[in-house]
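Undergrad: Sequence first, then the predicted structure:
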Amino acid sequence: MTGGPARLLVLGIDAASPELLETWIADGTLPNLAALAARGLTGRTRGLEGFFVGSTWPSLYTATTPARHGFHYQWQLVPGTYRIADRVRGAFVEREPFWRALHRAGKRVAVLDVPLAAPEPEHLNGIHVVEWGAHDAFFGFSTRPAELGSWIESRWGRHPAGVSCDVGARSARGYRDFVIALEAGVQRKTAWTLELLRRGGWDLFMQVFSEAHCVGHQCWHLHDSSHPAYDVSVSAVAGDPMRSVYRAIDRAIGEIIAAAGDAACVVFTAHGMSHRYGAHFLLRDLLTSLGAAERLGPTVRERAYGVAAAAWRALPAAARVPLSAVRPRGVWPHAAPAVRGIGVAPRRSRCFPVSNGLAVSGIRLNVAGRERRGVLRLGEDVEHFVAQLESDLLAIVDDTTGAPLISRLIRTRDLYDGEQLGALPDLLVEWNDRAAMGSTALAGGAGARVIARSPRIGTIVGANDYGRSGEHRPGGWFVAARAGLRAGRLEREPSLLDLAPTFAVLLGVPLTGVDGAPIAELTSLDGA
């Protein structure tokens, strides 16, 4: 044990852009990260190909791929059925987080606000805080021990930005108030984090700031002046929300590192953020137009969604703003409905779309013997169908840019292997990232429409109704500093899966049965 309050301090900046971090470290916008980088080792990490939206955090803390831990999105297909269920209410993640191995080794841990980490089911040698201020509020706020939650709430309340930051329309002042709430959330989180850190005796002390995630999804268009939804009048009031929130997190990092004494420090972002792209909202229409699936008539839920969405689009922008503030959580016409089924006729469909985030869509093959009403036979039947589907999808052009709408169609089995492979989509649709996408919920719908063309489908037109202007990217970033570690830049890119094994080895606990490996440059001294 060091003479300070912790041996290893790990701070996450959820979904921060590595490019922005490096730019703002270089120009002095983020002085505390700049100071850490000057004495530490910095580098980039590789994300999970095809699964860098929903799977990033479970893959990080289990050090395994989705083919082993089984989670790729909140709403997943129930194997053997055509039913889509909330994964949060079931097994969720099939592998344990790395801090359980530390617990068994007798290490004392503080695990605070790690995204998509379920409440600990049993005693933990230390403390666990779940979703005090997380972007993805799956489980609700809870702590272990339970009295810790009462202590936090009695002194600092809950996160001022609320349990969900997704709102489709904000006024200029609304954006500014949103940024103020995120900054206040960072400050409150820092205050209770410092109190817990100063209790001392921690082997691992880990905290994650999700405010970067929220501001990236909601405000990318106010940072990027080339975005179709950029509004100079809104920006004049709200400023650059990305810069404001990143600076607040940088101040928090400076305070926490100062309080941690001589602890080894790692600060990282697990995946990135940039402009919104992708046409997942068109995928079912594309598959049906190609004859690969037959669409069902709309359900009562979908008809209601369609009516609500049409009414929302018909409202003037000024009328949308006050409604944004009073909407029930999870209910909004621009958000995708929580569909409980696959939306196609199983007996007459060779495949069907499944949710996998918005940047990379999923497709499930309707395989005989695996699906209840499967129509594709394993072997030549499947291979011929996939080859033809790939050719047809890659031939579709985005009429706005003149570029292919889809960059790649990937076979999941070509990327991953594991006991949970069957829980994942069979095919991954990687959308072209050439141009930023707008939304009907922002700036009068500028850049929201997609016109897809090909000889096979003719012309299909659709519009993005989802109000986020920022979307994830797979690459991450880190900076590490500890006694004896050579400062500089790591030229190679280790995997996201290597972070947890690195944290564990720094505390003398090698992880077994995982896909990642310790980053030697961080665990050895002087780069040896």
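TA: Looks like it came in fine. Residues are numbered from 1 along each chain as shown.

Undergrad: Leaving out the residues flanking it, which one is nearest to residue 280?
TA: Closest residue to residue 280 apart from its sequence neighbours, by CB to CB, 6 or more residues apart in numbering: residue 361 at 4.6 Å. C-beta: built from backbone N, CA, C; applies to glycine.

Undergrad: The one you found: how many residues sit nearby?
TA: Residues within reach of residue 361, counting by other CB atoms under 10 Å, total 26.

Undergrad: wouldn't it be in contact with residue 408 here?
TA: No. Proximity of residue 361 to residue 408 does not meet the contact threshold set by CB atoms under 8 Å, at 11.5 Å.

Undergrad: joint contacts of those two?
TA: Common neighbours of residue 361 and residue 408 (criterion: CB atoms under 8 Å, 6 or more residues apart in numbering): residue 428.

Undergrad: middle-most residue in the chain, spatially?
TA: Nearest to the mean C-alpha position of the chain, counting by CA atoms, centre = their mean, stands residue 53 at 4.1 Å.

Undergrad: where does it land in three-state SS?
TA: Three-state assignment for residue 53 (DSSP: H, G, I helix; E, B strand; the rest coil): coil.

Undergrad: Wait, it touches residue 358, no?
TA: Yes. Residue 53 is within contact range of residue 358, at 7.2 Å (criterion: CB under 8 Å).

Undergrad: what about stretch 221-229, start to end distance?
TA: 6 Å (CA to CA, to the nearest Å).

Undergrad: and what of stretch 368-380?
TA: End-to-end distance for stretch 368-380: 13 Å, by CA to CA.

Undergrad: quick one: buried residues of that stretch?
TA: For stretch 368-380, the neighbour count (16 or more other CB atoms under 10 Å) marks 371, 374, 375, 376 as buried.

Undergrad: same question, stretch 229-237
TA: Using 16+ other CB under 10 Å as the test for burial, stretch 229-237 gives 229, 230, 231, 234, 235.

Undergrad: Kindly provide the distance from the nearest residue to the second one once chain neighbours are set aside to residue 341.
TA: In other words, residue 230. Counting by CB to CB, 6+ apart, residue 221 is the residue found nearest to residue 230 once chain neighbours are left out, at 5.3 Å. Counting by CB to CB, to the nearest Å, the gap from residue 221 to residue 341 is 33 Å.

Undergrad: These two: who's more crowded?
TA: residue 221 (28 against 16).

Undergrad: Return the residues in contact with the more buried one.
TA: Applying CB under 8 Å, 6+ apart, one finds that residue 221 lies in contact with 227, 228, 229, 230, 231, 275, 436, 438, 442, 443, 469, 470.

Undergrad: Mind checking which of those land in helices?
TA: Per DSSP state H, helices hold no members of the contacts of residue 221.

Undergrad: wait, which of these is closest to residue 101?
TA: Minimum distance to residue 101 across the contacts of residue 221 is 34.2 Å, recorded for residue 470 (CB to CB).

Undergrad: Contacts only, for the closest residue to the closest one other than its chain neighbours.
TA: Of all residues not flanking residue 470 in the chain, residue 220 sits nearest, at 3.2 Å (CB to CB, 6+ apart). Going by CB under 8 Å, 6+ apart, residue 220 touches 227, 242, 273, 274, 275, 276, 469, 470.

Undergrad: With residue 290 instead?
TA: Counted by CB under 8 Å, 6+ apart, residue 290 has contacts 389, 392, 393, 456, 457.

Undergrad: 10 Å - rerun?
TA: Going by CB atoms under 10 Å, 6 or more residues apart in numbering, residue 290 touches 350, 351, 388, 389, 392, 393, 395, 396, 454, 456, 457.

Undergrad: next one: phi and psi at the first one?
TA: Pointing back at residue 350 there. Backbone dihedrals for residue 350, given as degrees, to the nearest 10, come out at phi -90, psi -10.

Undergrad: Confirm for me that it is in contact with residue 375.
TA: Yes. Residue 350 is within contact range of residue 375, at 5.7 Å (criterion: CB atoms under 10 Å).

Undergrad: what do those two both touch?
TA: If you check residue 350 and residue 375 against CB under 10 Å, 6+ apart, the residues they both contact are 365, 366, 367, 381, 385.

Undergrad: Among the contacts of residue 220, which one lies nearest to residue 187?
TA: Nearest to residue 187 among those, counting by CB to CB, is residue 242 at 17.8 Å.

Undergrad: buried sites along stretch 459-467?
TA: Neighbour counts over stretch 459-467 (16+ other CB under 10 Å) mark 460, 462, 463, 464, 465, 466, 467 as buried.

Undergrad: Quick check: end-to-end length of that stretch?
TA: End-to-end distance (CA to CA), stretch 459-467: 25 Å.

Undergrad: ok, now stretch 474-489?
TA: End-to-end distance for stretch 474-489, by CA to CA: 20 Å.

Undergrad: What average pLDDT does it get?
TA: The average pLDDT within stretch 474-489 is 96.

Undergrad: Show me the shaky parts of the stretch 101-250 of the chain.
TA: For the stretch 101-250 of the chain, no stretch is flagged by pLDDT under 70.

Undergrad: What is the burial count for residue 192?
TA: The tally of other residues near residue 192 (other CB under 10 Å) stands at 19.

Undergrad: So which bits of whatever helix or strand it lives in are buried?
TA: Assigned by DSSP states H and E, residue 192 falls within helix 172-197. By neighbour count on 16+ other CB under 10 Å, the buried set for helix 172-197 is 172, 174-179, 181-183, 185-186, 188-190, 192-194, 196-197.

Undergrad: Could you tell me how far that helix lies from the centre of the chain?
TA: Taking CA atoms, centre = their mean, to the nearest Å, one finds the center of helix 172-197 at 20 Å from the center of the full chain.

Undergrad: For the stretch 251-400 of the chain, which segments count as helices?
TA: For the stretch 251-400 of the chain, the helices defined by DSSP state H, counting those that start in this stretch cover 283-289, 300-314, 317-326, 380-394.

Undergrad: If you average pLDDT over each of those helices, which is lowest?
TA: Among the helices of the stretch 251-400 of the chain, helix 317-326 scores lowest, with a mean of 51.

Undergrad: one step back: now, which of the shared contacts of residue 350 and residue 375 sits nearest residue 28?
TA: Among those, and counting by CB to CB, the member closest to residue 28 is residue 365, at 51.9 Å.

Undergrad: And the pLDDT at the closest residue to that closest one other than its chain neighbours?
TA: Leaving aside its chain neighbours, residue 365 sits nearest to residue 426 (4.5 Å; criterion: CB to CB, 6+ apart). If you check residue 426, the pLDDT there is 98.

Undergrad: CSV for the contacts of residue 220, including neighbour count and distance to residue 448?
TA: Shown next, in CSV, are the contacts of residue 220 (neighbours: other CB atoms under 10 Å; distance: CB to CB, whole Å):
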residue, neighbour count, distance to residue 448
227, 22, 12
242, 24, 21
273, 25, 20
274, 19, 18
275, 22, 13
276, 29, 10
469, 28, 11
470, 26, 15
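
Undergrad: so which two of those are the farthest from each other?
TA: Spatial extent of the contacts of residue 220 (CB to CB) is set by the pair 242 and 276 at 14.1 Å.

Undergrad: related to what we said a few turns ago, hey, what's in contact with both of residue 53 and residue 358?
TA: Common neighbours of residue 53 and residue 358 (CB under 10 Å, 6+ apart) are 471, 472.
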